[in-house]
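# sequence unknown, structure follows:
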């Protein structure tokens, strides 16, 4: 298997994109993009740390949880989580970010890249409240590039087709932590119980 080690070699294999395809890339949100964000309950946020460490963080809430300040600015609320804050730490060190918005039942996804800053203004956090709780902080995203990605990958995955979904997988954080600390199954069960309770009461 030959390794591709240059852009020239990559382009020789893949070819160039259609001229019209490049025309979908914009530096601001159009009406379709605004409508998509307004109905999107979920996004993936990519960040890079000072040392080059990459993170991709899921963010989700009720549809439209990301506020559109204007055609070049988004406001993304941060909610209570595990406090590892890898992505947020990365943003403090390196503001370059990328997001992919998804909308259930829609094959296309919306890609946004730009620079992010973190804010804890009381008024802003209150404005992006959910379930009676203010946002922990708010990420302001200055958009540099945005475009819709075609539906091919979502269609190949049958992502929105329940008939093709596998049975749900139960992830045990208790087992992970018990294995790491030489704990037993009782400890694992206790941790999983706390996690489940957090899902019910801590959103």
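Looks like it arrived, so ask away. Given the structure is predicted, the values throughout are model-derived calculations rather than measurements. Numbering: from 1, shown residues only.

# how about the nearest residue to the residue sitting nearest the centre point of the chain, chain neighbours excluded?
Most central in the chain under C-alpha atoms, centre = their mean is residue 44, positioned 1.4 Å from the mean C-alpha point. In this structure, residue 44 finds its nearest non-sequential neighbour in residue 100, 4.8 Å apart by C-beta to C-beta, 6 or more residues apart in numbering. Quick note: C-beta positions are derived from backbone N, CA and C, even for glycine.

# quick check: longest strand of the chain.
For the chain, the strand with the greatest residue count under DSSP state E is strand 137-149.

# Buried residues in the helix or strand following that strand, which are they?
Under the assignment DSSP states H and E, the closest C-terminal helix or strand after strand 137-149 is helix 152-157. By neighbour count on 16 or more other C-beta atoms under 10 Å, the buried set for helix 152-157 is residue 154.

# for the residue nearest to residue 44, helix, strand, or coil?
The three-state label given to residue 100 by DSSP: H, G, I helix; E, B strand; the rest coil is strand.

# Spit out the contact partners of it.
By C-beta atoms under 8 Å, 6 or more residues apart in numbering, the contact list for residue 100 reads 43, 44, 109, 110, 111, 112, 149.

# so what does the lengthiest helix in the chain touch, helix or strand wise?
Among the segments of the chain that qualify as a helix by DSSP state H, the longest is helix 185-201. If you count contacts as 3 or more C-beta pairs under 8 Å, 6 or more residues apart in numbering; DSSP states H and E, helix 185-201 packs onto helix 173-180.

# pull the helix or strand with minimum mean pLDDT from the chain.
Ranking every helix and strand in the chain by mean pLDDT, DSSP states H and E puts helix 19-22 at the bottom, with a mean of 84.

# pLDDT below threshold where in this structure?
Along the chain, the model assigns pLDDT under 70 to residues 1.

# List the contacts of stretch 162-176.
For stretch 162-176, using C-beta under 8 Å, 6+ apart, the contacting residues are 158, 187, 188, 189, 190, 191, 192, 195.

# Report the spatially nearest residue to the second one, omitting neighbours in sequence.
Going back to what we said before, that points to residue 187. Counting by C-beta to C-beta, 6+ apart, residue 178 is the residue found nearest to residue 187 once chain neighbours are left out, at 4.8 Å.

# Noted, bye for now.
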